[in-house]
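> Okay, predicted coordinates and the sequence, questions at the end:
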There are 2 protein chains.
Amino acid sequence: MGDVFKALADPTRRTILDELAERDGQTLFEICARLANHDQLSLTRQGVSQHLAVLEEAGLITTRKEGRYKFHYLDTTPLAAIFERWPITGKGQTP
Amino acid sequence: MGDVFKALADPTRRTILDELAERDGQTLFEICARLANHDQLSLTRQGVSQHLAVLEEAGLITTRKEGRYKFHYLDTTPLAAIFERWPITGKGQTP
DNA sequence: TTGACAGGCAAGTAGTGGCTTGCCTATCGT
DNA sequence: ACGATAGGCAAGCCACTACTTGCCTGTCAA
């Protein structure tokens, strides 16, 4: 299991998560197309593929293979560990 | 305002947050000592200082100067943005 | 006022990460 | 069977980042 925080550190990976949040179960090429279209993000298919690998390693996405297609599904459960570690207190600001 | 995710990406910075969660309002030297003692982490005072700067830039800690001391306070409010962006759904796992 | 203490400001270095390029495998349609 | 499609593997490059070293500033106690 990879590092969830490191996976979230990259802006492109966060955008990928956004894409999957909006439309779950996309394939690699679909994600590539969507990133290029309404995110103006231009990167190689390999780039996206590597990002997906990192996200899967972190447990933020799960995959399902079907024939020559590989579908990617968002899984936000690892994020819960963040709040267990540092509970959110509304206090903030120095008094 | 810096990147919250990038700030969380480094393990040392997360340990620093843990320290502040356990004992809030510590000074730079105190944090250095605690990291060295019960975290077995050996790094220069500068290293810690730079980490604190990143965390402050990300809004995860606030500082209060008093004389020659500078106290550091944990602020977890920026973390809320994570959950607003990707709500945690207990579903998980591919069916 | 002098020295000890708390912290800041660089500049330099080794390592990591994101991205590309090039080539290879597997599955589907015709 | 053959080409097109969907994806994987591996090496190489560039940029960033964590960390150190060295020096400098400001504050307190004696």
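Perfect, thanks for sending it. Because the structure is predicted, anything quoted here is derived from the model rather than measured.
> Spell out which parts of chain A neighbour chain B.
A:3, A:5-6, A:8-9, A:14, A:17-18, A:21, A:62-64, A:73-77, A:79-80, A:82-83, A:85-94 (Cβ under 8 Å from any Cβ of the partner chain). Using the backbone N, CA and C atoms, a C-beta is placed for each residue, glycine as well.
> ok, the residue of chain A found nearest DNA strand C - how many residues close by?
Relative to DNA strand C, the nearest point of chain A is A:G67 (2.3 Å; Cβ to the nearest atom of the strand). Neighbour count for A:G67, taken as other Cβ atoms under 10 Å in any protein chain shown: 5.
> any idea which element A:L55 lies in?
In this assignment (DSSP states H and E), A:L55 forms part of helix A:45-57.
> any idea of the mean pLDDT in the next helix or strand after that helix?
With elements assigned by DSSP H and E, the helix or strand that comes after helix A:45-57 is strand A:61-66. In this model, strand A:61-66 has a mean pLDDT of 97.
> and strand A:61-66, what other elements does it pack with?
Applying 3 or more Cβ pairs under 8 Å, 6 or more residues apart in numbering or on different chains; DSSP states H and E, we find strand A:61-66 packed against helix A:45-57, strand A:69-74.
> Pairing partners for that strand, with directions?
Using DSSP bridges, the strands paired with strand A:61-66 are strand A:69-74 (antiparallel).
> and the partner strand, does that touch DNA strand D?
Yes - contact of strand A:69-74 with DNA strand D (Cβ under 7 Å from any atom of the strand) involves A:Y69, A:K70.
> Are that strand and DNA strand C in contact anywhere?
No - using Cβ under 7 Å from any atom of the strand, strand A:69-74 stays clear of DNA strand C, coming no nearer than 7.6 Å.
> Give me the buried positions along the helix or strand that that strand is followed by.
Past strand A:69-74, further along toward the C-terminus, the next helix or strand under DSSP H and E is helix A:80-85. Under the neighbour-count criterion of 16 or more other Cβ atoms under 10 Å in any protein chain shown, helix A:80-85 has A:I82 buried.
> Kindly reformat the helices and strands packed on strand A:61-66 as CSV and extend each row with mean pLDDT and mean neighbour count.
Output for these, formatted as CSV (pLDDT from 0 to 100; neighbours: other Cβ atoms under 10 Å in any protein chain shown):
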stretch, mean pLDDT, mean neighbour count
helix A:45-57, 98, 16
strand A:69-74, 98, 17
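> Make JSON lines from these and add distance to B:V54 to it.
Putting the helices and strands packed on strand A:61-66 into JSON lines (distance: least, Cβ to Cβ, whole Å) gives the following:
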{"stretch": "helix A:45-57", "distance to B:V54": "21"}
{"stretch": "strand A:69-74", "distance to B:V54": "28"}
